[in-house]
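S.K.: Predicted structure and sequence below. I'll ask about it afterward.
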Amino acid sequence: MEIAARIAEGFIGMFQKGGTTFVGLVTGIIPLLIVLMTAVNALVRLIGPERIDKVAMISSRNVLLRYLILPFLAVFFLTNPMAYTMGRFLPEKQKPAFYDAAVSFVHPILGLFPHANPGEIFVWAGIAAGITKLGLGLGDLAIRYFLVGLLVIFIRGLVTERITAIMWARRSVSEGQSQGEESTSAAGAPSAVEAGGAALAGGEEA
Amino acid sequence: MQVVARGLEAIGRAVGNVVGILYQAGRDTIDQVIRNILPFMAFISMIIGIILYTGIGNIIAHTLSPLASNIFGLLLMSVICAIPILSPLLGPGAVIAQVVGTLLGVEIGLGHIPPQYALPALFAINPQVGCDFIPVGLALGEAEPETTEIGVPAVLMSRLITGPLAVVIAYLASFGMYAGH
């Protein structure tokens, strides 16, 4: 009987520990999050999507704006996942690179502007909780995450744009050789792309 | 008199408009908290509770912590997450990144991982971000089907380079952070 009671205590204890953690998360993260998100949501609504679109159109012209400013504005104002709609202002060949840059910014932004992707906040908050537990401030980590994130999305934009361009060129060459085969079978097309990708990976190693 | 009335009406309408926007912003926020944030917190709390109570934490401390407290381990982690076949599988909802991040956070809190490794770790757990979502993301950007065909492998391929690179950049950027600790 005593053993059974001890097992029961252990079982409940496990969830008590979880409950304590839950209360800690709710009181530690949610109040600030709610007020901050409300403020930024209001700001976004006051500015309005039309004005954001105008800025986006201008931002698409220059490489620095395209993979640095535009992804930031898109993620900040439109949030995940609507941010990717900003890709419509770009030429086809730059859309994958823009998507790569924008999607890579939906987590580095969380330390400073959690409204942008609240559903995935624990990518940031999980690690940040450890820092808080040590009694250290989060500001330093948040701002560094943000700045390194900007640098990384810029590099991602450039690299992906380059890779897309290479694959595009290869594809038009191979399409010229076997046009009938490509256009008739829809299933054949992705495998052709995959082969191109494998060839590209091999080429880069060499 | 009519001018005053019209002025008052304009002010009233403007104020009402702004208040409406603020109210809607609050409603959106609470909606997000209830729909997305609280459920995930419940899920994460349960996992942390089990880990801390059962001693699985010790196993993690012995396997994950050594990996996450040096740059080579973090690089290895990022390369694994960036493998083009794995990255779309690890991506959905960023669940993997969130769970691994939480585990690392627990270990940082317990002192098993030095706090300055938090920054490179944030990138090491996440080179797969959005890899599951490329066709949808491109469709949202009104891309042609051909662009998607090329874009999917292009992004996956790019991550193999930029994933580990991001960890190296974050590692270099982490110097001097929480140095006194």
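M.R.: Cool, the structure landed.
S.K.: ok, and the closest non-adjacent residue to B:Ile37?
M.R.: Distances taken as CB to CB, 6 or more residues apart in numbering or on different chains place A:Pro118 nearest to B:Ile37, at 5.3 Å, with adjacent residues excluded. Quick note: C-beta positions are derived from backbone N, CA and C, even for glycine.
S.K.: Equivalent analysis for B:Thr54, please.
M.R.: B:Thr54 sits nearest to A:Met14 (CB to CB, 6+ apart), 6.6 Å away.
S.K.: ok, that neighbour - how many residues close by?
M.R.: By other CB atoms under 10 Å in any protein chain shown, the residues close to A:Met14 number 17.
S.K.: who's in contact with it?
M.R.: For A:Met14, the contacting residues are B:Gly49, B:Ile50, B:Tyr53, B:Thr54, by CB atoms under 8 Å, 6 or more residues apart in numbering or on different chains.
S.K.: Checking the nearest residue to the second one once chain neighbours are set aside next. Helix, strand or coil?
M.R.: To tie it back to what came earlier, the one meant is B:Ile50. Distances taken as CB to CB, 6+ apart place A:Met14 nearest to B:Ile50, at 5.8 Å, with adjacent residues excluded. Under DSSP: H, G, I helix; E, B strand; the rest coil, the three-state class of A:Met14 is helix.
S.K.: one step back: my guess is the residue nearest to B:Ile37 contacts A:Ile34, does it?
M.R.: No: contact between A:Pro118 and A:Ile34 fails when scored by CB atoms under 8 Å: they sit 10.0 Å apart.
S.K.: of these two, who's got more company?
M.R.: Counted by other CB under 10 Å, A:Pro118 and A:Ile34 do not tie: A:Pro118 has more neighbours, with 20 against 17.
S.K.: Just the CA trace of the least confident helix or strand in chain B by mean pLDDT, in CSV.
M.R.: Least confident helix or strand of chain B, by mean pLDDT, DSSP states H and E, is helix B:56-68 with a mean of 76. What follows is helix B:56-68, C-alpha atoms only, in CSV (Å, rounded to 0.1, in the frame of the first residue of the first chain):
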residue,chain,number,x,y,z
ILE,B,56,15.7,12.3,-18.3
GLY,B,57,17.3,15.7,-17.7
ASN,B,58,20.5,13.9,-16.6
ILE,B,59,20.6,11.9,-19.8
ILE,B,60,20.1,15.1,-21.8
ALA,B,61,22.7,16.8,-19.7
HIS,B,62,25.2,14.1,-20.6
THR,B,63,24.4,13.9,-24.3
LEU,B,64,23.0,17.3,-25.5
SER,B,65,24.9,19.6,-23.2
PRO,B,66,28.5,18.6,-24.3
LEU,B,67,27.3,18.9,-27.9
ALA,B,68,25.8,22.4,-27.3
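S.K.: Could you confirm whether it reaches chain A?
M.R.: No: using CB under 8 Å from any CB of the partner chain, helix B:56-68 never reaches chain A; the gap is at least 9.8 Å.
S.K.: Can you name every helix or strand that the next helix or strand after that helix contacts?
M.R.: As assigned by DSSP states H and E, the chain's next helix or strand after helix B:56-68 is helix B:71-82. Secondary-structure packing of helix B:71-82 (3 or more CB pairs under 8 Å, 6 or more residues apart in numbering or on different chains; DSSP states H and E): helix B:56-68, helix B:118-124, helix B:145-173.
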